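Trainee: A predicted structure for the sequence below; I have some questions about it.
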Amino acid sequence: MIEINIIDLIPIISDLINLFLSGFIFIYTYNWFNNKKADISILTIWSLFISMLIKSFYSTVHIFILSHIQIPDSIKIIIFSLTGFLLAVLFTQLKKTRILNRILYKINNKSINDDIFDDIIDYDKKTMMKIYIKSSDIYYIGRFSLREENGIHSWISLVEYYCVDRKNNNKIFDPEADGLCSSVVINLSEVERIEIIYEKDSNVWERANWKKNGNSN
């Protein structure tokens with residue numbers, strides 16, 4: 001196993017910044033926004049590629065704009081790094097656009113997301129959930145609040161919820177009726193199934209119904 005001393009890296013820090021930084025910022029930010037994980041080797045390769053593309057883009061632009069001005073390296077690093085961050089934000093927003101999702105759906109019913117919750121939860125509208133617990137006589141009905149993605153230890157949270165007896169569909173616990181400000185957090189490994197209820201003008205529900213509607217819109 002190769003061990004790298006941080007002191008040995010000091011003389012080449014400027015080179016590492018030029019090679020990796022903007023691409024690393026893009027990949028790391030994009031993965032963080034989208035709950036993605038990448039192997040260090042893949043992260044390194046993509047950082048190199050994206051950094052080179054960003055630098056090449058600005059070098060090309062510089063040929064036509066302000067070509068007579070020599071831009072200091074410190075300013076270039078800031079511009080490249082900021083571009084990497086902004087591109088991550090832009091790409092994260094683009095993957096949510098209706099037209100991109102519609103194109104992928106028409107091609108092969110394909111989603112751009114790795115996590116199904118990114119496709120079935122409407123983050124812009126109210127999304128109600130009915131969550132059934134494994135080997136339990138209860139289920140929860142409430143509004144989706146937030147979730148944590150952590151493999152088999154993932155959690156989902158509901159607000160404006162109440163707990164129901166599966167046998168007779170009677171409410172067991174209704175915090176709002178008791179004047180309580182409450183939320184419930186459920187481990188997804190304990191969930192049997194989840195039923196989702198959308199607003200009538202939900203874009204997520206519209207996308208899910210494309211096939212039923214003949215993909216006409």
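Mentor: Cool, the structure landed.

Trainee: So for the residue nearest to the spatial centre of the chain, what's the pLDDT?
Mentor: With distances taken as CA atoms, centre = their mean, Asn34 lies nearest the centre of the chain, 2.3 Å away. Asn34 is assigned a predicted lDDT (pLDDT) of 78.

Trainee: which ones are touching the closest residue to it other than its chain neighbours?
Mentor: Nearest residue to Asn34, sequence neighbours excluded (CB to CB, 6 or more residues apart in numbering): Thr92, at 6.2 Å. The C-beta positions use only the backbone N, C-alpha and C, and glycine is treated the same way. Counting by CB atoms under 8 Å, 6 or more residues apart in numbering, Thr92 makes contact with 30, 33-34.

Trainee: Please give the element, helix or strand, for Thr92.
Mentor: Using DSSP states H and E, the element containing Thr92 is helix 73-94.

Trainee: And the strands in the chain, which stretches?
Mentor: 127-133, 138-148, 155-165, 171-173, 183-187, 191-198 (DSSP state E).

Trainee: which helices and strands does the longest helix that the chain contains pack with?
Mentor: As assigned by DSSP state H, the longest helix anywhere in the chain is helix 40-64. Secondary-structure packing of helix 40-64 (3 or more CB pairs under 8 Å, 6 or more residues apart in numbering; DSSP states H and E): helix 22-33, helix 73-94.

Trainee: ranking these by burial, who's on top?
Mentor: helix 22-33 (a mean of 20; mean count of other CB atoms under 10 Å).

Trainee: Output the contacts of Thr92 as TSV; include the columns distance to Thr127.
Mentor: Converted to TSV, the contacts of Thr92 look like this (distance: CB to CB, whole Å):
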residue	distance to Thr127
Tyr30	24
Phe33	20
Asn34	19
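
Trainee: ok, back up a step: out of the strands of the chain, the one nearest Ile42 is which?
Mentor: Comparing the strands of the chain against Ile42 with CB to CB, the closest turns out to be strand 138-148 (23.8 Å).

Trainee: Strand partners (parallel or antiparallel) of the closest one?
Mentor: strand 127-133 (antiparallel), strand 155-165 (antiparallel) (DSSP bridges).

Trainee: Tell me which residues of it come out buried.
Mentor: For strand 138-148, burial by neighbour count (16 or more other CB atoms under 10 Å) applies to 139-142, 144-145, 147.

Trainee: Measure how far that strand is from the centre of its chain, please.
Mentor: Chain-centre distance of strand 138-148: 19 Å, with CA atoms, centre = their mean, to the nearest Å.

Trainee: Next, the angle from that strand to strand 183-187.
Mentor: 90 degrees (axes from the mean of the first three to the mean of the last three CA atoms, to 10 degrees).
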